[in-house]
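Visitor: Need a 3D model of the following:
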Amino acid sequence: MASTIQKKKNRKKNLMYLLFLLPGLLYLLINNYIPMFGVFIAFKNIDYVKGIFKSDWIGLQNFRFLFKTKDALIMTRNTLLYNVAFIVLGTIFAIFIAILLCELGERISARLFQSALILPYLLSWVIISYIVFAFLSSDNGYINKAILEAAGKDGINWYGTPFYWVIILVLVYLWKSMGYQSIVYMSNIAGIDSSIKEAARIDGANKLQEICYIILPLLKPTVIIMVLMAIGRIFYSDFGLFFQVPMDSGALYPATQTVDTYVYRGLMKLNDIGMASAAGLYQSVVGFILVLLSNLAVRRIDPDNALF
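Guide: Numbers count the residues shown, from 1 in each chain. Got it, this is the predicted structure:
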């Protein structure tokens with residue numbers, strides 16, 4: 001009798017939790033899962049007169065056209081290489097900043113630095129694009145006017161030279177995201193038992209040894225999870241970074257064209273729904289495969305830190 005009453009209480013408790021989950025589940029359903037029915041557009045030749053459902057089925061023809069163009073190689077290369085750079089450099093700098101801020105402790109300066117680091121993350125890419133433009137404008141940009149001309153050198157046409165943007169985009173991304181990423185690692189470092197550090201100091205460990213042999217090993221599970229989650233989006237790019245910041249300059253496409261910007265331009269400029277849908281599906285499938293392979297690799301090396 002008592003067990004039956006307990007089961008009823010547990011059911012009511014679980015029902016309450018499910019009701020709390022309902023808004024989030026509805027959001028995922030509407031925003032993430034229902035649009036997935038549109039994947040068949042990638043296999044059709046969309047005719048506005050016939051409509052989406054009655055348009056001709058052309059199989060893999062959109063994918064053939066996509067991979068015959070040089071854009072497929074450019075957008076795949078850029079998307080992957082930029083994200084690899086973002087993951088590697090982002091993780092290193094975020095951990096470095098988190099350790100430095102934690103060493104400052106509860107000082108007022110630490111709070112000021114944290115606020116200053118998180119501020120760029122709160123800015124929109126539109127605002128950041130104009131900040132970058134203020135530095136790089138060929139006519140009145142700070143670098144050309146205040147630095148290069150003052151040094152007696154010719155100004156650089158920043159928005160017409162793709163080479164520089166490989167570095168510029170990485171720097172802008174790190175500037176915007178480092179503060180937010182470092183918070184995750186700061187919370188983990190703050191949660192490390194202080195008695196472990198004190199014992200290490202008593203044994204004669206200096207600050208560098210404390211970081212290398214205590215802090216970094218204890219951060220390992222968090223780093224693995226964060227990297228795996230980033231790899232899950234390695235075939236996605238931040239649209240604002242690659243579209244807004246370069247001001248959609250055509251001369252910069254070799255350095256700024258990614259899968260996301262290609263899909264947008266395919267829809268808005270070329271009006272090629274089938275090709276854009278094919279690129280989007282290609283992006284999703286490759287990203288999913290990379291997540292599975294990455295998790296499999298982690299599971300074989302360290303099963304305890306695998307996502308699934």
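Visitor: The spatially closest residue to Arg233 that is not a sequence neighbour: neighbour count?
Guide: Distances taken as Cβ to Cβ, 6 or more residues apart in numbering place Gly287 nearest to Arg233, at 6.9 Å, with adjacent residues excluded. C-beta coordinates here come from the backbone N, C-alpha and C atoms, glycine included. For Gly287, the count of nearby residues is 17 (other Cβ atoms under 10 Å).
Visitor: what do you get for the one 10 residues further on?
Guide: Ala297 is flanked by 13 other residues according to other Cβ under 10 Å.
Visitor: next one: the one 3 residues further on
Guide: Neighbour count for Arg300, taken as other Cβ under 10 Å: 9.
Visitor: Spell out the secondary structure type for it.
Guide: Of the three states, Arg300 takes helix under DSSP: H, G, I helix; E, B strand; the rest coil.
Visitor: quick one, what contacts it?
Guide: By Cβ atoms under 8 Å, 6 or more residues apart in numbering, Arg300 lies in contact with nothing.
Visitor: Do a quick rundown of the strands in the protein.
Guide: 44-47, 51-57 (DSSP state E).
Visitor: The residue nearest to Arg233 against Ile234, yeah?
Guide: Yes: applying Cβ atoms under 8 Å, one finds Gly287 in contact with Ile234, separated by 6.7 Å.
Visitor: returning to that earlier point: any idea which of the strands of the chain is most buried?
Guide: Of the strands of the chain, the one with the most neighbours on average (mean count of other Cβ atoms under 10 Å) is strand 44-47, at a mean of 16.
Visitor: For it, what is the distance to the chain centroid?
Guide: For strand 44-47, the separation from the chain centroid amounts to 32 Å (computed by Cα atoms, centre = their mean, to the nearest Å).
Visitor: repeat for stretch 145-162
Guide: 31 Å.
Visitor: tell me which residues of that stretch are tucked away?
Guide: Going by neighbour count (16 or more other Cβ atoms under 10 Å), the buried part of stretch 145-162 is 158-159, 162.
Visitor: Can you report phi and psi for the nearest residue to Thr79 once chain neighbours are set aside?
Guide: If the residues on either side of it in the chain are set aside, Thr79 comes closest to Thr258, at 4.5 Å by Cβ to Cβ, 6+ apart. The phi/psi pair for Thr258 (degrees, to the nearest 10) reads phi -120, psi 180.
Visitor: isn't Thr258 right up against Phe242?
Guide: Yes: the pair Thr258 / Phe242 is scored as a contact, 5.1 Å apart, by Cβ under 8 Å.
Visitor: Can you pull the residues that touch both of the two?
Guide: Tyr82.
Visitor: still on that earlier bit, please work out how many residues are found near the residue nearest to Thr79.
Guide: 26.
Visitor: For it, which residues are in contact?
Guide: Per Cβ under 8 Å, 6+ apart, neighbours of Thr258: 75, 78-79, 82, 237, 242.
Visitor: now Leu66
Guide: 72, 275, 278-279, 282 are the contacts of Leu66 under Cβ under 8 Å, 6+ apart.
Visitor: Lowest-confidence one in these?
Guide: Minimum pLDDT across the contacts of Leu66 is recorded for Met275, with 82.
Visitor: Would you check how far apart that one and Asp71 are?
Guide: 10 Å (Cβ to Cβ, to the nearest Å).
Visitor: can you check Tyr180 too?
Guide: 32 Å.
Visitor: Give me the more crowded residue out of those two.
Guide: Asp71 (18 against 14).
Visitor: residues contacting the closest residue to that one other than its chain neighbours?
Guide: Take Asp71 and drop its neighbours on the chain: the residue closest to it by Cβ to Cβ, 6+ apart is Tyr262, 6.1 Å away. Residues in contact with Tyr262 (Cβ under 8 Å, 6+ apart) are 71, 75, 276, 279.
Visitor: Output stretch 244-257 in PDB with nothing but the alpha carbons.
Guide: Output of stretch 244-257 as PDB, limited to C-alpha atoms (Å, rounded to 0.1, in the frame of the first residue of the first chain):
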ATOM      1  CA  GLN A 244      28.700  41.600 -41.600                       C
ATOM      2  CA  VAL A 245      32.300  42.200 -40.600                       C
ATOM      3  CA  PRO A 246      33.800  42.000 -44.100                       C
ATOM      4  CA  MET A 247      30.800  44.200 -45.300                       C
ATOM      5  CA  ASP A 248      29.900  41.500 -47.900                       C
ATOM      6  CA  SER A 249      32.800  42.600 -50.000                       C
ATOM      7  CA  GLY A 250      33.000  40.500 -53.200                       C
ATOM      8  CA  ALA A 251      36.800  40.800 -53.400                       C
ATOM      9  CA  LEU A 252      37.000  39.000 -50.000                       C
ATOM     10  CA  TYR A 253      34.900  35.900 -50.900                       C
ATOM     11  CA  PRO A 254      38.000  33.600 -51.200                       C
ATOM     12  CA  ALA A 255      38.700  34.300 -47.500                       C
ATOM     13  CA  THR A 256      35.200  34.900 -46.200                       C
ATOM     14  CA  GLN A 257      32.900  32.400 -48.100                       C
END
